[in-house]
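A.B. asks: Please find the sequence and the predicted model below.
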Amino acid sequence: MQRLKDVILAAMLAAFWVGPSPATATELNADANLREALRAQAEIIQQLRDELDRVREDQRRNEDRVRALEDQGVNDPTSGVDAAYVDRRIEAFQTSDESRLFLSGYGKAEFRDSINGGPSTFGVQFNPILHFRLTDRLHFNAELEFELEDGETEIELEFAEIDYFITDWMTFTAGKFLTPFNVFGPNLHPPWINKLNSRPLIYAKKDGIIPILGDVGVMLSGGAPLWNEDSKLNYAVYVSNGPKVEDGELEFENAPDVNNNKAFGGRIGFLPIPNLEVGFSGMSGRAEGRFDLIGADFWWQFRGLEVRGEFARLDWQGEDRWGYYTQAAYALSELFSDPTGWSGVAGRFEPVVRWSENKGAGPGREQVALGLAYWLFPSVPLKFTYELNGKSEDNDRFILQFAYGF
């Protein structure tokens with residue numbers, strides 16, 4: 001019996017040392033294949049991790065560069081006004097529970113001098129804007145203008161309106177508002193946004209076609225995407241008191257309705273692509289006879305280049321007056337992107353040129369305005385403008401202006 005046990009034990013040991021059974025070999029081959037697959041996957045995962053680290057490093061460097069640009073006041077290459085700067089302030093106001101009352105505004109200090117005679121003078125202007133958010137849908141906005149002119153301080157109510165956000169694409173406004181005729185009046189006239197130190201001729205205080213329009217009434221405005229998210233439509237329609245006649249001229253500013261005839265108007269704008277907009281405006285009413293005001297505007301930008309223009313035509317009492325302007329500006333930050341050293345200084349400059357012409361108002365006027373803006377901060381430009389007034393009676397002049405928005 002003991003011998004039998006020894007034989008069985010010897011057979012078992014021999015089987016162990018000879019090698020695995022066929023089934024065990026197959027399992028080992030499968031394990032080897034699995035280990036090879038895992039090793040290949042581990043290499044792929046490591047490559048993805050390395051690529052992610054590179055992306056994160058590039059993002060960090062870009063964020064550091066953007067912060068450096070903002071800290072040094074270098075503006076968006078495609079605009080004299082840093083859109084991101086404005087958007088951040090608006091978003092902070094709209095989303096913060098504590099920001100029900102918000103103060104913003106703008107102002108300027110300037111020096112004007114005529115080349116061919118006439119007095120030189122300093123001037124100053126300050127426009128505080130008060131925003132109050134009662135609810136997320138109901139806002140109140142008002143702007144006052146304080147301007148030193150002819151030795152006296154003039155105070156004017158630019159707008160005072162209540163805005164109710166009906167939907168994401170429609171807002172109801174009541175009160176005094178900047179009339180949405182073209183875009184210079186409602187959007188571009190503040191000195192820290194206007195890239196030159198004067199208005200285009202069609203909006204000039206002397207012999208202009210129309211002033212910066214502001215009226216009392218009600219308005220619906222908003223915007224919505226068109227065929228995709230990059231294409232948009234914006235609109236505004238309104239009913240207002242309209243102008244009155246004073247000293248033989250239409251007076252649009254702060255005019256009460258003296259003839260029980262309201263003015264009707266609006267603007268519609270199309271952005272087929274993000275960097276192109278075309279708009280059309282109109283206004284009609286009665287003031288010692290029917291008047292019709294039509295306008296058109298466009299805006300296009302490509303990298304550092306921005307081009308815009310507007311047209312306005314007023315038909316009243318058989319008199320047809322019209323004018324237009326075109327303007328081009330180029331932000332040198334497109335060429336000098338490094339915010340340090342002399343490149344950072346050069347990147348703050350933005351040259352501007354504008355051609356304006358009015359017809360039908362006396363002998364007509366033509367003007368070329370050349371300008372250079374230096375952006376100390378995204379909302380603080382130091383600007384120089386030289387106006388060539390051609391054959392008109394106005395002297396050529398230059399304007400040095402320090403503007404700011406807050």
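C.D. replies: On my side now, so go ahead. In this text the structure is predicted, and so the values were computed from the model without any measurement. Numbers count the residues shown, from 1 in each chain.
A.B. asks: List of residues touching the longest strand seen in the chain?
C.D. replies: When the chain is scanned for its longest strand (criterion: DSSP state E), the result is strand 152-167. Strand 152-167 is contacted from outside by 127, 136-148, 171-178, 214, 222, 254, using Cβ atoms under 8 Å, 6 or more residues apart in numbering. No exception for glycine: its C-beta is placed from N, CA and C like everyone else's.
A.B. asks: again, 6 Å this time
C.D. replies: With Cβ atoms under 6 Å, 6 or more residues apart in numbering as the contact definition, strand 152-167 has outside contacts at 137-143, 145-147, 171-178.
A.B. asks: Which neighbours in the sheet does it have, and how are they oriented?
C.D. replies: According to DSSP bridges, strand 152-167 forms sheet pairs with strand 138-149 (antiparallel), strand 170-178 (antiparallel).
A.B. asks: In that strand, which of the residues would be classed as buried?
C.D. replies: If you call a residue buried by 16 or more other Cβ atoms under 10 Å, then strand 152-167 has these buried ones: 158-159, 161-163.
A.B. asks: Can you dump the C-alpha atoms of that strand in CSV for me?
C.D. replies: Only the C-alpha atoms of strand 152-167 are listed here, as CSV (Å, rounded to 0.1, in the frame of the first residue of the first chain):
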residue,chain,number,x,y,z
GLU,A,152,-22.5,128.4,-18.4
THR,A,153,-23.2,124.9,-17.2
GLU,A,154,-26.0,123.3,-19.2
ILE,A,155,-27.9,120.4,-17.8
GLU,A,156,-30.0,118.2,-20.0
LEU,A,157,-31.9,114.9,-19.5
GLU,A,158,-30.5,112.6,-22.2
PHE,A,159,-32.9,109.8,-21.4
ALA,A,160,-35.1,108.5,-18.6
GLU,A,161,-36.8,105.2,-19.4
ILE,A,162,-38.5,102.2,-17.8
ASP,A,163,-37.6,98.9,-19.5
TYR,A,164,-39.7,95.8,-19.1
PHE,A,165,-38.2,92.6,-20.6
ILE,A,166,-41.2,90.7,-22.0
THR,A,167,-39.3,87.9,-23.5
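A.B. asks: If you average the pLDDT over that strand, what comes out?
C.D. replies: Across strand 152-167, pLDDT averages out at 92.
A.B. asks: Format the buried residues of strand 152-167 as a markdown table; extra columns: distance to residue 110.
C.D. replies: Compiled in a markdown table, these are given as follows (distance: Cβ to Cβ, whole Å):
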| residue | distance to residue 110 |
| --- | --- |
| 158 | 19 |
| 159 | 23 |
| 161 | 28 |
| 162 | 33 |
| 163 | 32 |
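A.B. asks: between the residues you listed, which is closest to residue 123?
C.D. replies: Relative to residue 123, the closest of these is residue 158; by Cβ to Cβ it sits at 17.4 Å.
A.B. asks: how near is that closest one to residue 106?
C.D. replies: Noted for residue 158: a distance of 11 Å to residue 106, by Cβ to Cβ, to the nearest Å.
A.B. asks: For the nearest residue to residue 148 once chain neighbours are set aside, list each beta-bridge partner.
C.D. replies: In this structure, residue 148 finds its nearest non-sequential neighbour in residue 124, 5.1 Å apart by Cβ to Cβ, 6 or more residues apart in numbering. On the basis of DSSP bridges, residue 124 is bridged to residue 109.
A.B. asks: what about residue 124, neighbour count?
C.D. replies: Using other Cβ atoms under 10 Å as the criterion, residue 124 is surrounded by 14 other residues.
A.B. asks: For it, give its distance to residue 156.
C.D. replies: Separation of residue 124 from residue 156 (Cβ to Cβ): 15 Å.
A.B. asks: again, but for residue 189
C.D. replies: For residue 189, the distance to residue 156 (Cβ to Cβ) stands at 13 Å.
A.B. asks: just residue 163 next, same as before
C.D. replies: From residue 163 to residue 156 the distance is 21 Å (Cβ to Cβ).
A.B. asks: With residue 180 instead?
C.D. replies: 19 Å.
A.B. asks: Low-confidence ranges, the chain, go.
C.D. replies: Within the chain, the segments meeting pLDDT under 70 span 1-34, 37, 58-59, 61-99, 254-255, 258-259, 361-363, 391-394.
A.B. asks: domains in it, as residue ranges please.
C.D. replies: Following the assignment in automatic domain parsing, the chain carries domains at 2-60, 72-405.
A.B. asks: Can you spell out which residues form a bridge with residue 267?
C.D. replies: residue 236, residue 281.
A.B. asks: and it, how many neighbours?
C.D. replies: Close neighbours of residue 267, defined as other Cβ under 10 Å, add up to 24.
A.B. asks: Tell me if I'm right that residue 375 and residue 346 touch.
C.D. replies: No - using Cβ atoms under 6 Å, residue 375 is not in contact with residue 346; the gap is 11.6 Å.
A.B. asks: Compare neighbour counts for the two and give me the winner.
C.D. replies: Applying other Cβ under 10 Å to residue 375 and residue 346 shows that residue 375 carries more neighbours, namely 26 against 13.
A.B. asks: for whichever strand or helix holds the more buried one, which positions count as buried?
C.D. replies: Secondary structure assignment for residue 375, by DSSP states H and E: strand 365-377. Residues 365-367, 369, 371-373, 375-377 are the ones in strand 365-377 that count as buried (16+ other Cβ under 10 Å).
A.B. asks: Report the spatially nearest residue to residue 359, omitting neighbours in sequence.
C.D. replies: residue 322 (5.5 Å).
A.B. asks: Where does the one you found sit: helix, strand or coil?
C.D. replies: Under DSSP: H, G, I helix; E, B strand; the rest coil, residue 322 falls in the strand class.
A.B. asks: what ranges do the strands span in the stretch 301-406 of the chain?
C.D. replies: Listed in chain order, the strands of the stretch 301-406 of the chain (DSSP state E, counting those that start in this stretch) span 305-316, 319-330, 349-359, 365-377, 380-388, 397-405.
A.B. asks: How about the stretch 151-300 of the chain?
C.D. replies: Assigned by DSSP E, counting those that start in this stretch, the stretch 151-300 of the chain shows strands spanning 152-167, 170-178, 214-225, 232-240, 244-246, 249-251, 263-273, 276-286, 290-302.
A.B. asks: so what strands line up beside the last one?
C.D. replies: Sheet neighbours of strand 290-302, with direction, are listed as strand 276-286 (antiparallel), strand 305-316 (antiparallel) (DSSP bridges).
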